[in-house]
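>>> Requesting a structural model of the entry that follows:
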Amino acid sequence: MLSLLPMSTSAETKQSLSGLKEADLTKLVKSLNWPAFKGKSIHSWIYTKWVSSFDEMSDLSIKERQFLNEHYKLSPLSLADKQTSTDKTIKYLWKLEDGTVVESVRMFLEEHESYSACISSQAGCAVGCPFCATGYIGFKKNLKANEIVDQILGIQRDTKERISNIVFMGQGEPLLNYDEVLKAIYLIKDSVSIGGRKITVSTSGIIPQIKKLAEEKLQITLAVSLHAPDQKTRELLVPISKKYRLDDLMESLHYYYEKTNRRITIEYILLDELNDQPEKATELSNLIKDLHCHINLIPYNMVDLDNNHSPLKRPSSEKIHKFKQILETKSKKKVTIRRERGEDIAAACGQLANKALN
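A predicted model of the protein is given here:
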């Protein structure tokens, strides 16, 4: 049961108010014998006006603001580092209350003139894909819903610009932190006011949770890190597929579409001589031919592992476009090549590894 009354005045243990729903904030102010409408006001200051301090909540009395400062805090995160790319992508390194660090990324989408936030659901990752720097640092902890949502709020506080799209493609496997991610999605929809169709959850293929998520009927986009059209290659690139096999995964994706009527995004990282051959494009076409989906090809981004370059390589531009051509022709589906952003600051796909503190 959620406790809203102040338990301590120490900075380390003050309760964070960002991450609370409007109903929770209303319950809080009523417990303090404040008028109920002040809960709605605080909710608006946090989620609509992105304030950085209680002192900015100008419709509260000085005494009320002082009380909040003494007993609560706004955010469970503090900014540890910030880097800006030549393409204006911004990578944030957040420090959690227990000292754990985690990253998120803000990207400008020129075609829509809007901003997208790539947020983390875990610190580190247990899946261990060999092309991903986050997997190399290992799993540290699951994030709470307020720690997930406050990445968005923190970015907006810093930039003073609204985030329009959310992708759960930062550190971690979202569906291995299912309950907190689900809470975060509802907070993003109901409090941050970003609609379900603007939210994408990416998974390496956790089959039971894919089916569970389908039952929520959230109208979010499900993105699946497929990366190979056959079981043997996929086990090499996505080790968790030894537990969640490819044929069962494909069945779960059909189930997800049947329940939600939402087109699925297939993510496919292109690695030279591993999964970029023409025959792999044909196999992939056959695998997805009956699935309502589109395919996002991701040319591999180089990652440093303890300052040693990974042996994996990005295919040539010619091979990338040849793969795309075969896939489009044979599958009759939309295929895009992801435009990577923030590669110069290690903010692109697969590069998040808390390097600023290493």
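
>>> Just the pLDDT at residue 7, thanks.
Here the pLDDT value assigned to residue 7 is 49.

>>> same check, this time on residue 357
What the model reports for residue 357 is a pLDDT of 44.

>>> which other helices and strands contact the host helix or strand of residue 150?
Using DSSP states H and E, residue 150 sits within helix 145-159. Applying 3 or more Cβ pairs under 8 Å, 6 or more residues apart in numbering; DSSP states H and E, one finds that helix 145-159 makes contact with strand 77-84, strand 90-96, strand 101-109, strand 114-118, helix 178-190. For every residue, glycine as well, the C-beta is placed using N, CA and C.

>>> Listing partners with orientation, what would you give for the helix or strand following it?
Sequence-wise, the next helix or strand downstream of helix 145-159 (DSSP H and E) is strand 165-168. Using DSSP bridges, the strands paired with strand 165-168 are strand 114-118 (parallel), strand 199-203 (parallel).

>>> mean pLDDT for those: which is lowest?
If the strands paired with strand 165-168 are sorted by mean pLDDT, strand 114-118 sits at the bottom with a mean of 93.

>>> coming back round to it: the strands paired with strand 165-168: which one's closest to residue 235?
strand 199-203 (16.7 Å; Cβ to Cβ).

>>> if we can go back for a sec, what lies in contact with the helix holding residue 150?
Contact with helix 145-159 is made by 16, 18-20, 46-47, 50-52, 75-77, 79, 82, 90, 92, 94, 96, 102, 104, 106, 115, 117, 119-121, 162-163, 166, 170, 180-181, 183-184, 187-188, 191-192, 194, as judged by Cβ atoms under 8 Å, 6 or more residues apart in numbering.

>>> can you tell me the distance between the two ends of stretch 44-57?
End-to-end distance for stretch 44-57, by Cα to Cα, to the nearest Å: 10 Å.

>>> contacting residues around residue 331?
Residue 331 sits in contact with 284-285, 288-289, 295, where contact means Cβ under 8 Å, 6+ apart.

>>> if we go to 7 Å?
By Cβ atoms under 7 Å, 6 or more residues apart in numbering, residue 331 lies in contact with 285, 288-289.

>>> repeat for residue 163
115, 117, 152, 155-156, 194 are the contacts of residue 163 under Cβ under 7 Å, 6+ apart.

>>> which of the contacts of residue 331 tops the neighbour count?
Top of those by neighbour number is residue 288, holding 22 neighbours under the definition other Cβ atoms under 10 Å.

>>> Can you name the residues that contact that one?
Per Cβ under 7 Å, 6+ apart, neighbours of residue 288: 266, 331, 333.

>>> Return the set of buried residues in stretch 196-211.
Neighbour counts using 16 or more other Cβ atoms under 10 Å place 196, 198-207, 209-210 of stretch 196-211 among the buried residues.

>>> one step back: narrow the contacts of helix 145-159 to those that are buried.
By neighbour count, with 16+ other Cβ under 10 Å, the contacts of helix 145-159 hold 16, 18-20, 46-47, 50-51, 75-77, 90, 92, 94, 96, 102, 104, 106, 115, 117, 119-121, 163, 166, 170, 180-181, 183-184, 187-188, 191-192, 194 as buried.

>>> So of the buried residues of stretch 196-211, which two are at opposite extremes in space?
Farthest-apart pair in those is 198 and 207; separation 25.6 Å (Cβ to Cβ).
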